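3D, please:
(2 chains)
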Amino acid sequence: MTLETVVFWPVALALLAASLGVVLTPNLFHAVLCLAGALVATAVVFLLLDAAFLFAVQLLLYAGGVVTVLVFAIMLTERLIGERIAQTNRHVLNGAVVAVALFVGVAGFVVRNGSLSGVPAPADRTIDIARAIVGPFAATFELLGVLMLAALLGAIYFARAED
Amino acid sequence: MTPGLRAYLILAALVFAIGFFGVLTRRNAIGILLGIELMLNAVNINLVAFARFQADLAGLIFTLFVIAITVAEVGVGLAIVIAIFRVRRTVDADHLNLLRG
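Numbering: from 1, shown residues only, chains lettered A, B, ... in the order given. Take a look at the predicted model:
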């Protein structure tokens, strides 16, 4: 339990710093790099929460796949136009006010709710996840396959070359 | 002190608010997608934290589903952004007012 205490706060700080970098850096490419850092920090948080399988999935799918695709999209949209796209934010003050209000609302509920003090059950649940996916959640799992196929076809259709 | 369930929930709420700020203020459509990614990550942290502290397996399963759906969403979203860029030569959300009446 001491390891969790030692690791949690630096990881939380790194996650928050990387998240702020995602929304505040003027360069979109740097924002994607910050997003990669935030995703890796999230994966470490999963590891702290005894979800080793989700740690691996997060690193493979997010930090590996999504970031690569995002970098490709930025390269395409920036290089085709031949100039650097302006990245200034707009309505920063209004956005900050709304975001802070959202956080205060959620955090106020979390702090005041007394029933949020469950005891941690430290165990590696990977085998349980596997059994649940092919057991009670089998239909959802298959539907997810259909969704992925539809998304694949849709992405190919939208991004195809003009005839 | 040992971080409890509340610490994880507050962390997730902070990341969610930051992502929401990004969605509200970014001009570039890809920047807005980055903000949505942050918000989905915050929700995943919530789900995993509840799964551990309430000893409920459904949180872990739902996190897997959310990750898979997010990957599909990013694929389709970026394809739409590239298609819009081909037609309008911009990905600035302020200039994409094609559907305005």
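
which intervals of chain B have sub-threshold pLDDT?
Residues of chain B meeting the criterion pLDDT under 70: B:1-2, B:101.

longest helix anywhere in it?
Taking DSSP state H as the criterion, chain B has its longest helix at helix B:58-88.

report the buried residues of that one.
B:59-65, B:67-68, B:70-82, B:84-85 (16 or more other Cβ atoms under 10 Å in any protein chain shown). For every residue, glycine as well, the C-beta is placed using N, CA and C.

what do you get for stretch B:44-58?
By neighbour count with 16+ other Cβ under 10 Å, stretch B:44-58 contains the buried residues B:44-53.

identify the residues contacting that stretch?
The contact list for stretch B:44-58 (Cβ atoms under 8 Å, 6 or more residues apart in numbering or on different chains) reads A:42, A:45-46, A:49-51, A:54, A:58, A:116, A:118-122, A:125, A:128-129, A:132, B:4-5, B:8-9, B:11-12, B:15, B:59-60, B:62-63, B:66-67.

tell me the gap between that stretch and the middle of its chain.
Relative to its chain's centre, stretch B:44-58 lies at 19 Å (Cα atoms, centre = their mean, to the nearest Å).

which residues of chain A score low on pLDDT?
Low-confidence segments of chain A (pLDDT under 70): A:1, A:78-89, A:114-123, A:162-163.

one more time with 80, if that's ok
Within chain A, the stretches with pLDDT under 80 are A:1-4, A:76-91, A:113-125, A:159-163.

so which bits of the biggest helix by length in it are buried?
Ranked by residue count and defined by DSSP H, the top helix of chain A is helix A:2-24. Residues of helix A:2-24 classed as buried by neighbour count (16+ other Cβ under 10 Å): A:4, A:8, A:11-12, A:14-16, A:18-24.

could you export these as TSV, including distance to chain B?
Converted to TSV, the buried residues of helix A:2-24 look like this (distance: Cβ to the nearest Cβ, whole Å):
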residue	distance to chain B
A:4	6
A:8	4
A:11	9
A:12	5
A:14	11
A:15	6
A:16	6
A:18	9
A:19	4
A:20	6
A:21	10
A:22	5
A:23	3
A:24	8
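
with that, I have no additional questions.
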